[in-house]
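Colleague: Predicted model and sequence below, questions to follow.
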Amino acid sequence: MYRSHVLVCGGTGCTSSGSPKIIESLQAEIKKNGLKDEVAVVQTGCHGLCALGPIMIIYPEATFYTLVKPEDIPEIVTEHLLKGRIVTRLLYKEAMTDEVLKSLNDTDFYKKQHRIALRNCGVINPESIDEYIATNGYEALGKVLTEYTPEQVIQTILDSGLRGRGGAGFPTGLKWKLAKGNDADQKYVCCNADEGDPGAFMDRSVLEGDPHVVLESMAIAGFAIGASQGYIYIRAEYPIAVERLKIAIGQAREYGLLGKNIFNTGFDFDIDLRLGAGAFVCGEETALMTSIEGKRGEPRPRPPFPAQKGLFQKPTILNNVETYANITQIILNGPEWFSSIGTEKSKGTKVFALGGKIKNTGLVEIPMGTTLRVIIDEIGGGIPNGKKFKAAQTGGPSGGCIPAEHFDIPIDYDNLISIGSMMGSGGLIVMDEDNCMVDIAKFFLDFTVDESCGKCTPCRIGTKRLSEMLEKITSGNGTLADLDKMEELCYYIKDNALCGLGQTAPNPVLSTLRYFRDEYIAHVVDKKCPAGVCKALLSYIIDADTCRGCTLCARICPSGAIQGKVKEAHIIDQSKCIKCGACMEKCRFGAISKK
Amino acid sequence: MKSLEELRAIREMMQGQMGLRNEDSNQIRVVVGMATCGIASGARPVLTALSDAVQTKGLNNVAVIQTGCIGLCQFEPIVEILEPGKDKVTYVKMTPEKALEVVEHHLIRGQVIKKYTIAELIG
């Protein structure tokens, strides 16, 4: 029995900012101070506030410490754990008010959130099945197996209004119903954990923080559609998540919660892992299943849909990690509870990975229908350095951008589609006035060019041509006709590509053209990049009146492009300048500007 | 796992311990003085006894926490019990045994053990 639990975040974010060292040092200090039998150190999943990691929470006081360093540990142990004095200098200070707060749930970051999928992340030890059970874990599976018929399970999910969290938003209950309706000697339940969108990490965090919820929900799905085998397809680049899943599967088998005759009801279900080698296209459902079969991960045309002929030609359902993370709560709290959260056509909550130009980089879960303003300004703490919001990118390379004019639109599946973006898996990248929208479109296009599997021509060649046109524009050689050609090609690719990857690949271009055409025109007509990002369109200039002739810029210029005598104005030779910006950064008189 | 009862037995066993991580603001707070004076007069065994008892008995609405010097060093170990909407009760010169009585009578049954309170001692 411990009188205090010290929770240290062991998500990927905090692990890379040094939480393993903190845990090691904590254990050593606790031992040194003779508190080994009184204080437990628990490694948890992600708390969401990755920007302030490593994060530590000490219970029962629920003290929230941020940016903890190994040097801080002796003080935390002797002051807080031994004498009960909170180390105030390490407390989480609210980004917005600078007010010192002690409890987690009172902070701006958490108080507007509604954590369903993330409810256990940062709360339990993901490597302990007992802690999962303590938070009502496996109760939903037990309830379903002993009290429900498969039809009732499907009806419950249908009634809840849950839609797939992987991006497209297909009703989950309907997917299950279709698979249930197809008879076969063997069916499969698959989990898509091949999170590939740049900037998205919510699935990883659920798997790292609460792996059992995915296992339990997959077993429920297996019961509902009549499957006895499940596969989790997860990227090999998620080593912590893979490890915790392996531990979780082992524990669940040991407890008889996976395997034969679960809860003595005659229901058999087991789960195996399949590691993906990091191809973006393997997140597409048909390519994912082809990859599980051991073949090269390429998509195939639909129909037949997976519910008819999926994995190994058998009826299969494939749901995303976050979708599964909602299932157990719907069973336990009822479909009415779930459908009371969110908007008319998008029920429940959505997890977003906040990234880019935002103070609180991290993971947030908000009810559907929350506005971008609340997510970015209130929960995210706003944009750093007093810069102005320009746009937010959702849906990664398949999505589009939301400009400032839609800052107050309630975010749900249908609203995002109507403004030319999409929910996607939940990456949300914030951009400010310093981001060039043409450059952003080019970034995502380059990503799809790299990741196109090459099976169909519109995607393989079309995205390459698009990327070339963007390159032409950003290097200052574009024409207005290129903009129209690009748009035409975008629609051609959308209509003709084989799979979701290709069909959505032009979205970043289309949505930036829609909302930021003026930026494209500035690149093409004025040969200027308004945000000052595209190097070919940029020149650094020294203002002769402000320059004191200190020679500092000339000395640090890596390409020897700056000429000038001591105490005389300097000049940049544009033909030699590589536009690194080092001179502007170093100038003490603000004499250098970029245009 | 052969039955839901089996699952629930594990849950109940674990929930007492997990109750430590409860963040409900309506919790009863049991505050143990753990400054040098408190520790010197034996507050640590009192703290662990309280914490263990609360968890074993599954009192999820009770948080056992530490605090610094209350200023009455001669009466240490001191344990204060703060219940929402009720007057603070201050127990003085506690021992692990007395602490267990407090859990049994005060926290579970709601009966203040007057003879251990500071009011009784100072009169």
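Modeller: Structure's in. What do you need?
Colleague: any chance you could map the helices in chain B?
Modeller: With DSSP state H as the criterion, chain B has helices at B:4-18, B:36-40, B:43-56, B:96-102, B:118-122.
Colleague: Quickly note the distance from the residue in chain B positioned nearest to chain A to residue A:35.
Modeller: Using CB to the nearest CB, the closest approach of chain B to chain A is made by residue B:66 at 2.4 Å. From N, CA and C alone the C-beta is placed, and that goes for glycine too. The gap separating residue B:66 from residue A:35 is 12 Å, by CB to CB, to the nearest Å.
Colleague: Neighbour count: these two, which is higher?
Modeller: Neighbours per residue, other CB atoms under 10 Å in any protein chain shown: of residue B:66 and residue A:35, the larger number sits with residue B:66, 26 against 20.
Colleague: Please list all residues in contact with the closest residue to the more buried one other than its chain neighbours.
Modeller: Spatial nearest neighbour of residue B:66, excluding adjacent residues (CB to CB, 6 or more residues apart in numbering or on different chains): residue A:84 at 2.4 Å. Going by CB atoms under 8 Å, 6 or more residues apart in numbering or on different chains, residue A:84 touches B:32, B:34, B:65, B:66, B:67, B:68.
Colleague: If we ignore the residues flanking it in sequence, what's nearest whichever residue of the stretch 101-250 of chain A sits closest to chain B?
Modeller: Nearest residue of the stretch 101-250 of chain A to chain B, counting by CB to the nearest CB: residue A:134, 3.4 Å away. Closest residue in space to residue A:134, ignoring its immediate chain neighbours: residue B:14 at 3.4 Å, by CB to CB, 6+ apart.
Colleague: pretty sure that neighbour is in contact with residue A:133, am I right?
Modeller: Yes. If you go by CB atoms under 8 Å, residue B:14 and residue A:133 touch, sitting 6.1 Å apart.
Colleague: Those two - which one has more neighbours?
Modeller: With neighbours defined as other CB under 10 Å, residue B:14 and residue A:133 compare such that residue A:133 has more, 26 against 21.
Colleague: so that one sits in a helix?
Modeller: Yes. Using DSSP: H, G, I helix; E, B strand; the rest coil, the assignment for residue A:133 is a helix.
Colleague: For chain A, which residues are neighbours of chain B?
Modeller: A:1-5, A:7, A:37-38, A:59-62, A:82-85, A:103-105, A:123-124, A:130-131, A:133-139, A:142-143, A:146, A:255-257, A:262-264 (CB under 8 Å from any CB of the partner chain).
Colleague: Can you say which of those are buried?
Modeller: Neighbour counting over these (16 or more other CB atoms under 10 Å in any protein chain shown) leaves A:1-5, A:7, A:38, A:59-62, A:82-85, A:104, A:123-124, A:130-131, A:133-139, A:142-143, A:255, A:257, A:262-263 as the buried ones.
Colleague: On the three-state scheme, residue A:430 is what?
Modeller: strand.
Colleague: ok, it - contacts?
Modeller: Neighbouring residues of residue A:430 by CB under 8 Å, 6+ apart: A:354, A:355, A:356, A:357, A:358, A:376, A:380, A:383, A:389, A:392.
Colleague: 10 Å instead?
Modeller: Taking CB atoms under 10 Å, 6 or more residues apart in numbering or on different chains, we find residue A:430 in contact with A:354-359, A:361, A:372, A:375-376, A:380, A:382-384, A:389-393.
Colleague: so of the buried ones among the residues of chain A next to chain B, which ones are in strands?
Modeller: Counted as lying in strands by DSSP state E, out of these, are A:4, A:5, A:7, A:59, A:262.
Colleague: so which of the residues you listed comes closest to residue A:580?
Modeller: residue A:7 (43.6 Å; CB to CB).
Colleague: Any figure for the gap between the residue lying closest to the closest one once chain neighbours are set aside and residue A:11?
Modeller: Residue nearest to residue A:7 in three dimensions, not counting chain neighbours: residue A:57, with 4.4 Å by CB to CB, 6+ apart. From residue A:57 across to residue A:11, the span is 13 Å (CB to CB).
Colleague: Name the residue in those two with the higher neighbour count.
Modeller: residue A:11 (30 against 24).
Colleague: ok, that one - contacts?
Modeller: Residue A:11 sits in contact with A:19, A:43-48, A:50, A:53-55, A:121-122, A:126, A:201, A:204-205, A:208-209, A:240-241, A:362-363, where contact means CB under 10 Å, 6+ apart.
Colleague: Wait, the residue of the stretch 101-250 of chain A closest to chain B touches residue B:17, no?
Modeller: Yes. Between residue A:134 and residue B:17 a contact is recorded at 7.4 Å, counting by CB atoms under 10 Å.
Colleague: Distance of residue B:80 relative to residue A:162?
Modeller: Residue B:80 is 47 Å from residue A:162, by CB to CB.
Colleague: So in chain B, where's the weakest helix or strand by average pLDDT?
Modeller: Ranked by mean pLDDT, DSSP states H and E, the helix or strand of chain B with the weakest confidence is helix B:118-122, at a mean of 80.
Colleague: Could you check how far that helix is from the centre of its chain?
Modeller: 19 Å (CA atoms, centre = their mean, to the nearest Å).
Colleague: buried set for it?
Modeller: Buried residues in helix B:118-122, counting neighbours by 16+ other CB under 10 Å, are found at residue B:118.
Colleague: what's that helix in contact with?
Modeller: With contact meaning CB under 10 Å, 6+ apart, helix B:118-122 is reached by B:70, B:72, B:75, B:78, B:80, B:89-93, B:112-115.
Colleague: List just the nearest of those residues to residue A:403.
Modeller: residue B:80 (55.6 Å).
Colleague: hang on, the earlier thing: neighbour count for residue B:80 and residue A:162, which is higher?
Modeller: Taking neighbours as other CB under 10 Å, residue B:80 and residue A:162 compare with residue A:162 leading, 25 against 17.
Colleague: quick check: longest strand of chain A.
Modeller: strand A:267-276.
Colleague: Show me chain A divided up by domain.
Modeller: Domain segmentation of chain A under automatic domain parsing yields A:4-111, A:129-339, A:349-432, A:437-524, A:539-594.
Colleague: For the longest one, measure first residue to last.
Modeller: Distance between the boundary residues of domain A:129-339 (CA to CA, to the nearest Å) amounts to 29 Å.
Colleague: which non-adjacent residue is nearest residue A:527?
Modeller: Nearest-residue entry for residue A:527: residue A:476, 4.8 Å, with adjacent residues in sequence omitted and distances by CB to CB, 6+ apart.
Colleague: so that neighbour, which of the three states?
Modeller: Going by three-state DSSP: residue A:476 is coil.
Colleague: That one against residue A:537, yeah?
Modeller: Yes. Using CB under 10 Å, residue A:476 is in contact with residue A:537, at 5.0 Å.
Colleague: With neighbour numbers in mind, choose between the two.
Modeller: Between residue A:476 and residue A:537, residue A:537 has the larger neighbour count (other CB under 10 Å), namely 22 against 17.
Colleague: Spatially nearest residue to the more buried one, not counting backbone neighbours?
Modeller: residue A:529 (4.3 Å).
Colleague: how far away is that neighbour from residue A:437?
Modeller: Counting by CB to CB - residue A:529 and residue A:437 are separated by 10 Å.
Colleague: overlap in contacts of these two?
Modeller: Counting by CB under 10 Å, 6+ apart, the residues touching both residue A:529 and residue A:437 are A:519, A:523.
Colleague: quick one: which of these two has more around it?
Modeller: Legend: neighbour count by other CB under 10 Å for residue A:529 and residue A:437, higher for residue A:437 (27 against 23).
Colleague: how about that one, what does it touch?
Modeller: Contacts of residue A:437 by CB under 10 Å, 6+ apart are A:390-391, A:393, A:401, A:403, A:431, A:508, A:511-513, A:515-520, A:523, A:530-531, A:533.
Colleague: Check the residue in chain A positioned nearest to chain B and give its pLDDT.
Modeller: Proximity of chain A to chain B (CB to the nearest CB) peaks at residue A:84, 2.4 Å away. pLDDT for residue A:84: 83.
Colleague: what stretches of chain B score poorly on pLDDT?
Modeller: B:25, B:123 (pLDDT under 70).
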